[in-house]
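# This is the structure alone, sequence omitted:
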């Protein structure tokens, strides 16, 4: 399997070998955008960096401890630390020296400023101050996830009056990846890989994003810079990081993403709305990426030669009727959602089986086989009790083989089952939920909670997809638009796409429901100002 990015070891969790290093269920949907922009800006707004042969191997991780401490650290902080109390006090004193007012009420100015910036909070969710994030309204709002180690151990302890700023920040690290778990890095790599042979598109995307983050909301950016510079220490200096990796960089599905982003960035939108819609688009893309690679027909060879676009085309029925048909379309869509989840787990099972079979062809030594699996899947990193239980079962299996109770093929089959059961524990806990969390957050799946999840197109996602397919000043017929949704993403809305995808035969419902579904989405697009229907029933998509 070919990889693209920075692969620094031989062993990775099961999911990484199929979907790259890495996607993680704990990552908030907005953090895919935040991490992507942090990496891009950290490479000085250049795509194609961080890989073998690139001029830049590491990107800058913006610390901005002054800014984030000012915005997020207060009396309600759940992980209070005397060092942060002292740092916050010193920062406010420094800012009071800068503030100029007519009436002398400098504290009011600071609180008003803090309230203004806090209004741009993108992620809070009961997190500690160092793990919260601002919406990327400006380049100076970008900063990397941090961690204050041992925060609760220092409660009640005094702080020496002569302690330096460097010592106050010394216990804060920037490499934990509890929340910036590499999902945004993978998206950066997808755009980079698919523009290797299209440098003009690569430069356009990078320039447009740089313009978006630097040439808009400059007053806010300047304010953030003043606050952050008021606090400076060696501990708050920017750090560096390396990217993860993606498999099969020649896969043409990545090119669809870059084409979408290129067209989307041409849209004439307010900068904040554009960034919000971009976050929806990224979540949509990553969800489709998971489904695409989980397709039963997906193989490295097909990703390499491009045949995956046809052979692995998805069939995701969009429920636009919202129950107006008595739930018929909803039921079909829900079954297709469950099917995707089944494909994801089956792909994981198949990968383990294929690996064990390949290793079994290389060796007939059960110790060598186990060593290969231990290294490849980085089993040493798993929980101790889980790992110990697996080793006991493997030992018992080895005893059966030594006593000739089973032959080599029987050993391989049994070992595959034990290994699969072990790896699926971590897989289900940390990866299987990624597509659910992302798709529901960006409006691709409803309901957000509860059973019978089905595919939909929420208002923001629908707008993002439309702007990614119809450039400013252009238009296309509604039927052409629906066909494009199917060809590019595997989205099924009307009867034509249902027939092409085979859903008409697989899901035997009255074909009129597909036509009603088609009409329902058109009405939604007309209401949103994304489509026009003329008197002769001709419908045009024109955002």
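Looks like it came in fine. Nothing here was measured: the structure is a model prediction, and the numbers come from that model.
# what element comes up after the lengthiest helix in the chain heading to the C-terminus?
Secondary structure of the chain per DSSP state H: the longest helix is helix 328-362. Per DSSP states H and E, the first helix or strand lying C-terminal to helix 328-362 is helix 366-376.
# now the residue in the chain sticking out farthest from the centre: how far from residue 396?
Here the chain reaches farthest from its C-alpha mean at residue 403, the gap being 48.9 Å by CA atoms, centre = their mean. Separation of residue 403 from residue 396 (CB to CB, to the nearest Å) stands at 11 Å. Every residue, glycine included, has its C-beta placed from N, CA and C.
# Repeat that for residue 177.
Counting by CB to CB - residue 177 and residue 396 are separated by 36 Å.
# Looking at those two, which one has more neighbours?
residue 177 (19 against 11; other CB atoms under 10 Å).
# Report the angle between the longest helix of the chain and helix 366-376.
Angle between the axes of helix 328-362 and helix 366-376 is 130 degrees (criterion: axes from the mean of the first three to the mean of the last three CA atoms, to 10 degrees).
# could you say what helices and strands helix 328-362 packs with?
Packing contacts for helix 328-362, counted by 3 or more CB pairs under 8 Å, 6 or more residues apart in numbering; DSSP states H and E, involve helix 14-19, helix 271-294, strand 316-317, helix 366-376, helix 408-430, helix 434-441, strand 454-455, helix 512-527.
# Quick check: which of these is buried the most?
Scoring these by mean neighbour count under mean count of other CB atoms under 10 Å gives strand 316-317 as the most buried, with a mean of 27.
# partners of that one, with directions?
Strand pairing for strand 316-317, using DSSP bridges, gives strand 491-492 (parallel).
# what's downstream of the partner strand, the next helix or strand?
As assigned by DSSP H and E, the chain's next helix or strand after strand 491-492 is helix 495-501.
# For the helix or strand following that following helix, the averaged confidence score.
Scanning forward in sequence from helix 495-501 by DSSP H and E, the next helix or strand is helix 503-506. Confidence over helix 503-506, taken as the mean pLDDT, stands at 95.
# Could you do stretch 11-22 as well?
Here the average pLDDT along stretch 11-22 is 97.
# got the end-to-end distance for that stretch?
One end of stretch 11-22 sits 13 Å from the other (CA to CA, to the nearest Å).
# Stretch 533-543 too?
13 Å.
# ditto for stretch 309-329
Start-to-end, stretch 309-329 (CA to CA) is 26 Å.
# same question, stretch 440-454
Chord length of stretch 440-454, first to last residue, is 10 Å (CA to CA).
# how much distance is there from it to the middle of the chain?
With CA atoms, centre = their mean, to the nearest Å as the basis, stretch 440-454 stands 17 Å off its chain's centre.
# can you check stretch 474-482 too?
Taking CA atoms, centre = their mean, one finds stretch 474-482 lying 29 Å from the centre of the chain it belongs to.
# Over to stretch 13-21?
For stretch 13-21, the distance to the chain centre is 14 Å (CA atoms, centre = their mean).
# can you tell me how far the residue farthest from the centre of the chain sits from residue 364?
Residue 403 is 16 Å from residue 364, by CB to CB.
# re earlier: would you enumerate the residues in contact with the residue farthest from the centre of the chain?
Residues counted as contacts of residue 403 (CB atoms under 8 Å, 6 or more residues apart in numbering): none.
# Tell me the spacing between the closest residue to residue 99 other than its chain neighbours and residue 492.
Spatial nearest neighbour of residue 99, chain neighbours left out: residue 106 (4.5 Å); criterion: CB to CB, 6 or more residues apart in numbering. Noted for residue 106: a distance of 60 Å to residue 492, by CB to CB.
# Please identify which of those two sits among more neighbours.
residue 492 (30 against 16).
# Wait, the more buried one touches residue 498, no?
Yes. Look at residue 492 against residue 498 with CB atoms under 8 Å: they come within range, at 5.5 Å.
# Return every residue with contacts to both of the two.
Residues touching both residue 492 and residue 498 (CB under 8 Å, 6+ apart) are residue 317.
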